[in-house]
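**Q** Below are the sequence and a predicted model for it; my questions follow.
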Amino acid sequence: MTHDAVLNQLGLIANEALLVQLENIEKNTRGYEKIIKHIMDLHETLKTCESYVALSNSNDYFKIKVDATSDISKSEAREKINHFCEKFKVDIQKVQDKPTYYILGFDK
């Protein structure tokens, strides 16, 4: 999947800064080439729970942002995130005090 396609699927318009940021994310994400399609699928799946995948502004990782307002949607989002991690053997890291997770890549 090209960087332009990834940015487009995330709802972003490619520019030089975003392409460089995505290149850095690719370098930091273990197994990027094999996992990127699954990350984009997760992004689509989370939309029904008021959540999404985005580029982190502070770290060179994809982030999962849970913006759900209802407890039911929050719970559904967490279930989908847990299913994604278990099914594809993916490591994530929770951001302290925020409903946000960094996607680190495949388990070591």
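**A** On my side now, so go ahead.

**Q** Going by C-alpha atoms from here, please, whenever you check contacts or count neighbours.
**A** Will do.

**Q** Please look at residue 93 and residue 103 and confirm they touch.
**A** Yes: under the criterion of C-alpha atoms under 8 Å, residue 93 is in contact with residue 103, at a separation of 6.7 Å.

**Q** which one of those two has more residues nearby?
**A** Set residue 93 next to residue 103 and count neighbours by other C-alpha atoms under 10 Å: residue 103 wins out with 24 against 12.

**Q** residues touching the more buried one, list them.
**A** Residues near residue 103 by C-alpha atoms under 8 Å, 6 or more residues apart in numbering: 29, 61-64, 90-93.

**Q** what's the following helix or strand after the helix or strand hosting residue 34?
**A** Here residue 34 is covered by helix 32-46, with elements defined by DSSP states H and E. Under the assignment DSSP H and E, the closest C-terminal helix or strand after helix 32-46 is strand 51-55.

**Q** Mind listing what's buried along that next one?
**A** 51-55 (16 or more other C-alpha atoms under 10 Å).

**Q** Please state the offset of the longest strand seen in the chain from the chain centre?
**A** Longest strand of the chain, by residue count under DSSP state E: strand 100-106. From the chain centre to the centre of strand 100-106 is a distance of 7 Å (C-alpha atoms, centre = their mean, to the nearest Å).

**Q** do stretch 66-80 as well
**A** Relative to its chain's centre, stretch 66-80 lies at 15 Å (C-alpha atoms, centre = their mean).

**Q** so residue 89 touches residue 107, yeah?
**A** Yes: in this structure, residue 89 sits in contact with residue 107. The criterion is C-alpha under 8 Å, and the distance is 5.6 Å.

**Q** In contact with residue 105, which residues?
**A** By C-alpha under 8 Å, 6+ apart, the contact list for residue 105 reads 29-32, 35, 90-92.

**Q** And for it, nearest residue in space, chain neighbours not counted?
**A** Across the structure, with C-alpha to C-alpha, 6 or more residues apart in numbering as the measure, the residue nearest residue 105 apart from its sequence neighbours is residue 30 (4.3 Å).
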